[in-house]
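K.L.:
give me coordinates for this.
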Amino acid sequence: MGKKLSENEIKEILKAAFWDKEVDINLLYNSIIDKNNNFYPIDSTFLFSRILLSVKWHYLLKIVPKEKWIIMLDTTVIERLFPKSLKNKFYYARKILLQ
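P.N.:
Below is the predicted model of the structure:
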C-alpha cells in the first residue's frame with residue numbers, strides 16, 4: 001500500500017474533507033482510526049459518506065483501518081452518494097474488500 005501516512009498528514013486530509021464543518025480534527029481522527037468503532041459525535045453515515053466523497057481512494061486505503069470498512073461501505077452510507085456511477089463504484093469496492 002505504499003508509504004504509511006503520518007498522523008498530521010491524515011489530519012490534514014480530514015481537515016480538507018470537512019472544510020465547511022466546524023469539527024474537532026483530533027476527535028475526528030480518533031474516531032476514524034479507532035478499531036473499537038467509537039465515533040465522532042456526528043452521524044456516522046454522514047461522516048463516512050463525506051469521507052468517501054472527499055478523500056482519494058489511495059488515501060482511504062491508508063487511513064481507514066480494515067475493521068471500519070464494513071461500516072464505511074454499508075448500504076446506508078453508499079446510498080447517500082451521487083452520482084449513481086459513484087455508488088456503483090463503492091458497491092463494487094465493498095464486494096472486493098469484504099470478501
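K.L.:
give me the nearest residue to Pro41, chain neighbours excluded.
P.N.:
The shortest distance from Pro41 to any non-neighbouring residue, by CB to CB, 6 or more residues apart in numbering, is to Leu27 (7.5 Å). Just so you know, the C-beta spots here come from the backbone N, C-alpha and C atoms, and that holds for glycine as well.
K.L.:
any idea how far Ile96 is from the one you found?
P.N.:
30 Å (CB to CB, to the nearest Å).
K.L.:
which of the two has more neighbours?
P.N.:
Under the criterion of other CB atoms under 10 Å, the comparison of Leu27 against Ile96 puts Leu27 first, with 14 against 7.
K.L.:
got the buried residues for the longest helix seen in the chain?
P.N.:
Counting residues, the longest helix in the chain under DSSP state H turns out to be helix 84-97. Residues of helix 84-97 classed as buried: Lys87, Phe90, Ala93, Arg94 (neighbour count, 16 or more other CB atoms under 10 Å).
K.L.:
these two touch, right, the last one and Leu73?
P.N.:
It stands for Arg94. Yes. Taking contacts as CB atoms under 8 Å, Arg94 lies within contact range of Leu73: 3.9 Å.
K.L.:
surely Lys87 touches Glu79?
P.N.:
Yes. Under the criterion of CB under 8 Å, Lys87 makes contact with Glu79 at 6.9 Å.
K.L.:
hey, what's in contact with both of those two?
P.N.:
Common neighbours of Lys87 and Glu79, counting by CB atoms under 8 Å, 6 or more residues apart in numbering, are absent.
K.L.:
low-confidence bits of the protein, can you list those?
P.N.:
1, 35-40 (pLDDT under 70).
K.L.:
I appreciate the help and will end here.
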